[in-house]
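In: What follows is a predicted protein model with its sequence.
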Amino acid sequence: MRRPEAMLLLLTLALLGGPTWAGKMYGPGGGKYFTTTEDYDHEITGLRVCVGLLLVKSVQVKLGDTWDVKQGASGGNTQEVTLQPGEYITKVFVAFQAFLRGMVLYTSKERTFYFGKLDGQIFSAYPSQEGQVLVGIYGQYGLLGIKSIGFEWNYPLEEPTTEPPVTVTPSKAPSGL
């Protein structure tokens, strides 16, 4: 007979060892889990999406000046977007059938980017708080492409100020007062 403490320990280890997602995933799911790198020093500055045979095969984000690892299945034609300085992804539409069929990205500079085809079941993803932007992508993929996708939202990094500090020197009162 197994002890409850041992079963609880095994359950805890299984949960800690597997991926955990704080946000919502869109699509039917299944397959291998993926997530873009958490980077607290760089913003998303670009996105590559590989599309082939009527579905999205993989995604890859650019963090600062460096491309993260491509996430998803191999193959497809790569479409690349570079964000302008101070531009952020603020909303995403995705379309699914058995796999991710297409995505539309909306930015803070009112630009729109289309990948694949928007047919099937369509979902919209956007931050829960005003001022938040896309900081990461996660989901699941199979041999043919992405089967579910989710988006991590947070506030943009604060830019360090380049202005010198203001120093105030006390003025002397005129003599004779």
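Out: Yes, it's here.
In: can you give me the helices in the protein?
Out: With DSSP state H as the definition, the chain shows helices at residue ranges 4-17.
In: so where's it uncertain?
Out: Residue ranges of the chain with pLDDT under 70: 1-22, 159-177.
In: Without its sequence neighbours, what residue ends up closest to the residue positioned nearest the centre of it?
Out: The residue lying closest to the centre of the chain (Cα atoms, centre = their mean) is residue 136, at 2.2 Å. Computed as Cβ to Cβ, 6 or more residues apart in numbering, the closest residue to residue 136 that is not its neighbour in sequence is residue 152, at 3.6 Å. In this view, the C-beta of every residue, glycine as well, is placed from N, C-alpha and C.
In: do you know how far the residue nearest to the centre of the chain is from residue 63?
Out: Noted for residue 136: a distance of 9 Å to residue 63, by Cβ to Cβ, to the nearest Å.
In: And residue 92, by the same measure?
Out: 17 Å.
In: what do you get for residue 70?
Out: Distance from residue 70 to residue 63, by Cβ to Cβ: 13 Å.
In: Which one's more surrounded, the two?
Out: residue 63 (19 against 16; other Cβ atoms under 10 Å).
In: check contacts around the more buried one.
Out: 36, 37, 39, 42, 43, 44, 45 (Cβ atoms under 8 Å, 6 or more residues apart in numbering).
In: Put the buried members of the residues you listed into a PyMOL selection.
Out: One line in PyMOL is enough to select the buried ones among those; burial here means 16 or more other Cβ atoms under 10 Å:
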select buried, resi 36+39+42+43+44+45
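In: what's the closest of the contacts of residue 63 to residue 98?
Out: Residue 98 lies nearest to residue 36 out of the contacts of residue 63, by Cβ to Cβ, at 23.2 Å.
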